[in-house]
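> Dropping the sequence and predicted coords here.
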Amino acid sequence: MNRNFFNILVTITIIFTTSCTYKPIFSDKNYNFEIERISLVGEKDINRVIKNKLSMIKNSEDNQKEKFNVIIESKKNKKVISNDSKGDPLKFEISILVSYKIENNGELILKREIKKSNVYNNESDKFKLEQNEKIILTNLSEKVSDNIISSIINLNDN
């Protein structure tokens, strides 16, 4: 019985260690385009996350790829959603609005706006509240950058 258990344990361990690999969606993909220039206006924290994500597919040595310029304008809004009986905030909503344009050879190809938002609870610890807001802002910005990359990918499908 001990030998059978050992054999099953070894088999399961081998299966789990060799079959699972993590790979980010947009980082190691061979795109048929490149982002030549990224222009950013607005909230620096949002723009930093978007630029980092878009820079992954920037400036390759392949001259055959289509080259795009991306112009991004971002805004952040934070508002109180609900208050307690004393008038202190209970819930906040943070939303970002990103307008972007995609150009090819100086010609406007696509112009869109993306709005993402998230509702979260207030914290008595203001440091923890600020950290939560940074995490939420980063997550929303990453979703926006994924949408921008997807829209560029879909340009060639039309």
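Looks like it arrived, so ask away.
> For the rest of this, base every contact and every neighbour count on C-alpha atoms.
OK.
> neighbours of residue 98, just the number please.
24 (other Cα atoms under 10 Å).
> Hmm, I typed the wrong one, I wanted residue 68.
For residue 68, using other Cα under 10 Å, the count is 23.
> quick one: contacts for it?
Taking Cα atoms under 8 Å, 6 or more residues apart in numbering, we find residue 68 in contact with 33, 34, 35, 36, 37, 102, 103, 104, 105.
> Need the single longest strand in the chain, by residues.
Using DSSP state E, we find that the single longest strand of the chain is strand 66-83.
> could you point out which element follows it?
The helix or strand immediately downstream of strand 66-83 is strand 89-104, counting by DSSP states H and E.
> would you list every one of the strands in this protein?
Counting by DSSP E, the strands of the chain are 33-42, 66-83, 89-104, 107-121.
> So which residue is dead centre in this structure?
residue 142 (1.2 Å; Cα atoms, centre = their mean).
> pretty sure it contacts residue 54?
No. With contacts counted by Cα atoms under 8 Å, residue 142 stays clear of residue 54, the gap being 9.9 Å.
> neighbours of the residue nearest to residue 91 when sequence neighbours are not counted, just the number please.
Distances taken as Cα to Cα, 6 or more residues apart in numbering place residue 121 nearest to residue 91, at 4.4 Å, with adjacent residues excluded. By other Cα under 10 Å, 15 other residues sit near residue 121.
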